[in-house]
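In: Turn this into a model:
(2 chains)
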Amino acid sequence: DAGVTQSPTHLIKTRGQHVTLRCSPISGHKSVSWYQQVLGQGPQFIFQYYEKEERGRGNFPDRFSARQFPNYSSELNVNALLLGDSALYLCASSLHYGYTFGSGTRLTVV
Amino acid sequence: AQSVTQLDSQVPVFEEAPVELRCNYSSSVSVYLFWYVQYPNQGLQLLLKYLSGSTLVKGINGFEAEFNKSQTSFHLRKPSVHISDTAEYFCAVSANFGNEKLTFGTGTRLTIIP
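Out: The predicted structure is shown next:
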């Protein structure tokens, strides 16, 4: 089985632009979560979706939004990018036995 | 709300020596505990997890951890480390297994000295 896949792997954007990050969960996993990992820190929770419904939201501004599609894949959108949004964005899917993470999308805002 | 404290930001260890990475948590409810490893420029890989039952949990790559409820700790151990264990290690807690967010510690960088 394929693991959690994220695209793109790397991305460079300019301040003020918008970005969309994509995640495909492990087959059968209905829950998808997004995390932001700034260099040198632990991952911080952004969103969790289960069966297309938002189940939780971390302490992030409204510039961050997400959605989950009928096939359980997910998108994370960030508007009006700031330099501080530069980070590794991780997606995780879960079923019953733990959270499995993708390799992440490295976003650099210049 | 839950929180996790990893007491050591960096741990240097000689190859083939034992290692312990410390993790303490805070929670008002029962928790599930995890250790993840992150190799350079990669995502997170699950090492082991504590859900219930035996307090000694064995994971991949020879790692194990012990859940101590009275001390609210979940320390990670390995009896003999290898160069390939050089990585960042994160302890994490969740209050509702599988359906709630993970709260991570700030990580411990394990460096193996040849």
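
In: I'd like to know how many residues surround residue A:5.
Out: By other CB atoms under 10 Å in any protein chain shown, the residues close to residue A:5 number 14. Glycine gets a C-beta too; all of them are placed from N, C-alpha and C.

In: Alongside chain B, which residues does chain A contribute?
Out: A:4, A:31, A:33, A:35, A:41-45, A:48, A:50, A:55-56, A:58, A:90, A:92, A:94-104, A:106 (CB under 8 Å from any CB of the partner chain).

In: Any quick PyMOL command for the buried ones out of these?
Out: Selection command for PyMOL covering only the buried members of those, criterion 16 or more other CB atoms under 10 Å in any protein chain shown:
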select buried, chain A and resi 4+31+33+35+42+43+44+45+48+50+55+58+90+92+94+98+99+100+101+102+103+104+106
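
In: Cross the residues of chain A next to chain B against strands and list the overlap.
Out: A:31, A:33, A:35, A:44-45, A:48, A:50, A:55-56, A:90, A:92, A:94, A:99-101, A:106 (DSSP state E).

In: Might you report the residue contacts of the nearest residue to residue A:59 once chain neighbours are set aside?
Out: Spatial nearest neighbour of residue A:59, chain neighbours left out: residue A:44 (8.0 Å); criterion: CB to CB, 6 or more residues apart in numbering or on different chains. Residues in contact with residue A:44 (CB atoms under 8 Å, 6 or more residues apart in numbering or on different chains) are A:35-38, A:58-59, B:104.

In: if I look at residue A:23, how far off is residue A:73?
Out: 6 Å (CB to CB, to the nearest Å).

In: Which of these two has more residues huddled nearby?
Out: Taking other CB under 10 Å, residue A:23 and residue A:73 do not tie; residue A:23 has more neighbours (27 against 16).

In: host element of that one?
Out: Residue A:23 is part of strand A:19-24 when elements are defined by DSSP states H and E.

In: So which elements touch that strand?
Out: Secondary-structure packing of strand A:19-24 (3 or more CB pairs under 8 Å, 6 or more residues apart in numbering or on different chains; DSSP states H and E): strand A:5-7, strand A:10-13, strand A:31-37, strand A:74-78, strand A:87-94, strand A:105-109.

In: can we see that at 6 Å?
Out: strand A:5-7, strand A:74-78 (3 or more CB pairs under 6 Å, 6 or more residues apart in numbering or on different chains; DSSP states H and E).

In: can you redo those as a markdown table with mean pLDDT?
Out: Listed next are these as a markdown table, based on pLDDT from 0 to 100:
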| stretch | mean pLDDT |
| --- | --- |
| strand A:5-7 | 96 |
| strand A:74-78 | 98 |
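
In: Could you export these as JSON lines, including distance to residue B:28?
Out: JSON lines is the format used below for the helices and strands packed on strand A:19-24 (distance: least, CB to CB, whole Å):
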{"stretch": "strand A:5-7", "distance to residue B:28": "33"}
{"stretch": "strand A:74-78", "distance to residue B:28": "30"}
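
In: just to revisit the earlier point, save the contacts of residue A:44 as CSV, and put in distance to residue B:90 and pLDDT too.
Out: What follows is the contacts of residue A:44, written out as CSV (distance: CB to CB, whole Å; pLDDT from 0 to 100):
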residue, distance to residue B:90, pLDDT
A:35, 11, 97
A:36, 14, 98
A:37, 9, 96
A:38, 13, 95
A:58, 16, 94
A:59, 19, 95
B:104, 5, 96
